[in-house]
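K.L.:
based on what follows, work out the 3D shape:
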Amino acid sequence: EIKDLVIPNSATSIGGLAFSGCSSLTSVTIPNSVTSIGSLAFSGCSGLTSVTIPSSVTSIDFAAFYDCNSLTSIVVESSNTVYDSRNNCNAIIKTETNKLIAGCKNTTIPNSVESIGEYAFCGYSSMTSITIPNSVESIGDYAFNGCSGLTSITIPNSVKSIGEEAFGGCSDLTSVIIPNSVTSIGDWAFDWCSSMTSVTIPNSVTSIGNGAFNGCSSLTSVTIPNSVTSIGYGVFWDCSGLTSVTIPNSVTSIGDYAFSNCSSMTSVTIPNSVTSIGKGAFNGCSSLTSVTIPNSVTSIGDDAFLDCSSLKEIRSYIKNPFAIDYSCFSNWDNEESQLYFTTATFYVPKGTKEIYKATEGWNYFTNIIEMEDVEPVEGDLNGDGKVNVGDIMAIINIMAANTNDPKGDVNQDGAVNVGDIMAVINIMASK
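P.N.:
Predicted coordinates:
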């Protein structure tokens with residue numbers, strides 16, 4: 001096994017994966033003849049403690065030092081014209097773009113760095129903390145993926161985007177505050193951050209990527225801001241500790257498996273902005289006891305509420321029901337290896353019972369009751385079926401009592417304040 005590697009000065013390049021997995025390698029000498037280092041060249045060299053990049057190197061491909069968990073020192077020779085390790089930062093920075101492309105557990109990110117590159121700190125499980133300066137505008141794909149020792153992270157309000165899998169597998173990370181400068185959260189950005197108990201998503205965010213919080217099993221509640229228009233594939237999949245979620249009325253679609261296996265969730269209200277509920281969207285929400293489906297919904301995917309075994313009450317305000325699959329509201333019996341349709345009480349709009357009984361999928365309900373009440377009106381806090389000055393007074397009363405009653409949170413920003421009064425005024429103006 002290689003322990004001390006001296007690359008001959010006849011070499012001009014180090015190819016991709018060249019020394020990948022050389023876990024016994026403790027030191028490497030790269031000669032001034034080398035001009036390029038390929039992708040994953042030293043990945044998995046878990047015993048490597050230091051590396052010096054000579055002035056001759058003009059190209060370093062992605063993840064060259066991925067998962068070098070013992071790396072404590074990175075130095076770029078001062079005469080290198082393409083890369084630098086300014087301010088003794090223990091990192092490799094591309095000079096022209098101020099992009100940090102590789103760091104280690106002892107890195108101090110200089111406040112001149114504008115972006116953290118793909119895989120920059122990926123796999124550094126022994127790193128417990130890192131400070132991101134407010135010069136950084138983007139965090140690249142897999143940048144901190146697998147940093148399982150990282151317990152906290154402050155994302156500065158200069159950051160606009162968080163890349164795919166950026167913090168995936170940071171299993172000791174307990175909380176994260178996403179600043180209101182961020183507009184997009186990448187696919188699987190925080191997946192399997194299993195210790196994370198809280199997350200703040202600001203209303204600057206317009207896009208939450210697929211699986212962004214998948215496997216965040218300690219997360220108990222989340223408020224999705226009203227800047228978000230769709231909840232993508234598996235965003236909160238396997239968030240088994242999630243008991244409540246606020247879906248704003250800006251959301252028009254709930255993606256496949258969006259809340260699948262959120263086994264602690266007891267109830268969900270789907271706003272009347274939603275038109276589609278994806279396949280398996282609430283599959284395995286075994287504590288869910290009630291669900292409300294608005295008239296705006298025009299499609300429900302297969303398995304949408306499969307294995308919601310505690311479901312007792314379903315309220316549908318859909319006036320013209322469409323065909324759904326038998327699996328939408330069924331439960332799987334392991335002993336008999338077959339599906340059984342739910343026995344939940346099914347409430348439908350007045351005068352539609354016979355229509356539901358004649359429509360594929362809905363016709364499996366055995367206990368259908370017509371409702372006297374009408375679909376809730378957005379902004380109608382006092383329950384008179386209208387949005388008027390009385391609802392503004394209801395908000396003022398909630399504010400005066402300082403109860404922060406969620407009923408008064410019309411704009412769904414997580415608080416009851418003047419913004420909710422303005423939201424009611426806007427609803428009144430639009431009528």
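K.L.:
before we move on, what SS does residue 331 have?
P.N.:
strand (DSSP: H, G, I helix; E, B strand; the rest coil).
K.L.:
same check on residue 120?
P.N.:
Under three-state DSSP, residue 120 comes out as coil.
K.L.:
residues contacting it?
P.N.:
By C-beta atoms under 8 Å, 6 or more residues apart in numbering, the residues touching residue 120 are 91, 100, 101, 102, 103, 140, 143, 144. Any C-beta I mention is one placed from the backbone N, CA and C, and that applies to glycine too.
K.L.:
elements contacting the helix or strand where the second one lies?
P.N.:
When elements are assigned from DSSP states H and E, residue 100 belongs to strand 99-102. Counting contacts by 3 or more C-beta pairs under 8 Å, 6 or more residues apart in numbering; DSSP states H and E, strand 99-102 packs against strand 92-94, strand 115-116.
K.L.:
now it: average pLDDT?
P.N.:
Averaging pLDDT along strand 99-102 gives 98.
K.L.:
mind giving me the packing neighbours of the worst-scoring helix or strand of the chain on mean pLDDT?
P.N.:
In the chain, the helix or strand scored least confidently by mean pLDDT, DSSP states H and E is strand 267-269, which has a mean of 80. With contacts defined as 3+ C-beta pairs under 8 Å, 6+ apart, strand 267-269 has these neighbours: strand 290-293.
K.L.:
give me the sheet partners of whichever helix or strand comes after the strand it packs on and which way each runs.
P.N.:
Per DSSP H and E, the first helix or strand lying C-terminal to strand 290-293 is strand 299-300. Each strand paired with strand 299-300, and its direction, by DSSP bridges: strand 276-277 (parallel).
K.L.:
not counting the partner strand itself, show me its contacts.
P.N.:
Here strand 276-277 makes contact (C-beta under 8 Å, 6+ apart) with 252, 253, 254, 270, 293, 297, 298, 299, 300, 301, 304.
K.L.:
partner residues bridging residue 27?
P.N.:
Going by DSSP bridges, residue 27 forms beta bridges with residue 4.
K.L.:
what of the one 10 residues further on?
P.N.:
Using DSSP bridges, the bridge partners assigned to residue 37 are residue 14, residue 60.
K.L.:
is it true that it touches residue 58?
P.N.:
No: in this structure, residue 37 is not within contact of residue 58 by C-beta atoms under 8 Å, at 10.0 Å.
K.L.:
of these two, who's got more company?
P.N.:
residue 37 (25 against 13; other C-beta atoms under 10 Å).
K.L.:
and the more buried one, how far from residue 65?
P.N.:
Separation of residue 37 from residue 65 (C-beta to C-beta, to the nearest Å) stands at 9 Å.
K.L.:
quick check: closest non-adjacent residue to residue 176.
P.N.:
With sequence-adjacent residues excluded and distances taken as C-beta to C-beta, 6 or more residues apart in numbering, residue 176 is closest to residue 199, at 5.4 Å.
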